[in-house]
Structures are given as C-alpha cells and as structure tokens.
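Undergrad: Pasting a predicted model and its sequence here:
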Amino acid sequence: MFRQPNFEGVTPSAAEVPEYSKEERKLLLRLAHGAIAAKLHKQELDTAAPSAHLAELRGAFTSLHRGGQLRGCIGYVMPLYPLYRTVADTAVAAAFHDPRFMPVTTGELAELEIEISVLSLPVPIKPEEVEIGRHGLIVTLGNARGLLLPQVPVEWGWDREKFLSETCRKAGLPPDAWKRGARLESFTAEVFGEGEQPAPERYGTQS
C-alpha cells in the first residue's frame, strides 16, 4: 500500500522553487519509460540531448513501483553523466539490475510508475544541522557507505536521530556510528514522479 507522507513539522526550507519545469519532468519520465522499453525490445534509444539544461551533469536516482510496491531503485550519487543520460541509465539499472528484484518483464511495462530524484552535490554536515524533509544523508566509515533519500524519513515519520541511525544501518554499521567517527554528508533532491507517493521501503541502491 502507498503511504502518504506527513509533512507536518517539516521546515519551510524543504519546499523550494523547483529547478525543473513541468515539461522537463514529463520529458525525463518519458525518457525513463522509453529506456526500459528499448532495453526489453532490444531497440536503440535516442541519445540526443533534449536541452542544455537537461544535459548538465547531475546525480539522480530512479525508483520503479508496480501496484504500490517498490520494483527497483538505483542511482548515481555523484554527477558523472548528463542528467538525461543518468535518468535513462538508472531506469534501466533499476528495472534489470537491482539485486533485490527479478528483472522487469514486458508484461509489467504498462503498470510501472516511475519516480526520479535529482540530487545536489554531497557536502559535509554536522548531525545537528540535518533537516528532515530537506536533506538526504550519506554515512561513510571505512569501506562502509549508506545513503537514504530526503523523502524516506518524512514517509516513515522519523526524527533527526532516527534518520541518522537508520542511515548507519543502511551502511551496515551500528546505529550509533554517526556518534563514533563516521563521516556525514548531506544532499538535497528534487523529487517528481507518477501516481501517488511511493511506499516508504524505497532505500535505493547506489551505482
């Protein structure tokens, strides 16, 4: 079942002017669907840049849902490729290479709902500076690294300390690792998609 997020108590800074227009969002969502379909049907995808804005280097996550359930989520934290290519690549990866799920089939194509999270660059942050609803988190200690998107604590109703602890768990670390030397980084995300708000089990897999 979908869970509608409760934004009560979320800081005003979490609601900012969108960087991407309604038309750009629709284009990126169509591109994600098209990339998955092209992969399934062994067709070539048009790789021409739709616009200079969408050709800027940006990190992004693409989440797939079917029947209200997570069906795949993979993304790039760092801005390695133009955004339109990042969306196409992560859509295909979420559909066919998320190790938690079987590959998407042709029969599922029409039922897929897609959500895209375009990320800012990660920056160091202190625990007390984390804002629920605004910041996504990356926790790193040694070779262990975990990431949670900004919408996750809102959907679950977590406070700041719970968010920090769950990001540590995502990294395979003790929940109090953020107090014991783990490096904290934050990022923001512009999130848009189709249908209702996706389910809160969306944690994502980093590529």
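TA: Okay, I see it.
Undergrad: C-alpha only now, for contacts and for neighbours.
TA: Fine.
Undergrad: Flag the shaky bits of the chain, pLDDT-wise.
TA: 1-16, 195-207 (pLDDT under 70).
Undergrad: ok, which stretches of it are helices?
TA: 22-40, 83-96, 151-156, 160-170 (DSSP state H).
Undergrad: could you check the angle helix 22-40 makes with the second one?
TA: Here the directions of helix 83-96 and helix 22-40 differ by 50 degrees (axes from the mean of the first three to the mean of the last three Cα atoms, to 10 degrees).
Undergrad: before we move on, what about the last one?
TA: Relative orientation of helix 160-170 versus helix 22-40 (the same axes, to 10 degrees): 20 degrees.
Undergrad: Now do helix 160-170: which elements does it pack against?
TA: strand 136-141, strand 144-148 (3 or more Cα pairs under 8 Å, 6 or more residues apart in numbering; DSSP states H and E).
Undergrad: Domain map for the protein?
TA: 21-119, 123-187 (automatic domain parsing).
Undergrad: Including distance to L70, could the helices and strands packed on helix 160-170 go into JSON lines?
TA: Listed next are the helices and strands packed on helix 160-170 as JSON lines, based on distance: least, Cα to Cα, whole Å:
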{"stretch": "strand 136-141", "distance to L70": "19"}
{"stretch": "strand 144-148", "distance to L70": "15"}
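Undergrad: Can you add distance to E128 and mean neighbour count and give those strands back as a markdown table?
TA: Listed next are the helices and strands packed on helix 160-170 as a markdown table, based on distance: least, Cα to Cα, whole Å; neighbours: other Cα atoms under 10 Å:
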| stretch | distance to E128 | mean neighbour count |
| --- | --- | --- |
| strand 136-141 | 13 | 24 |
| strand 144-148 | 17 | 20 |
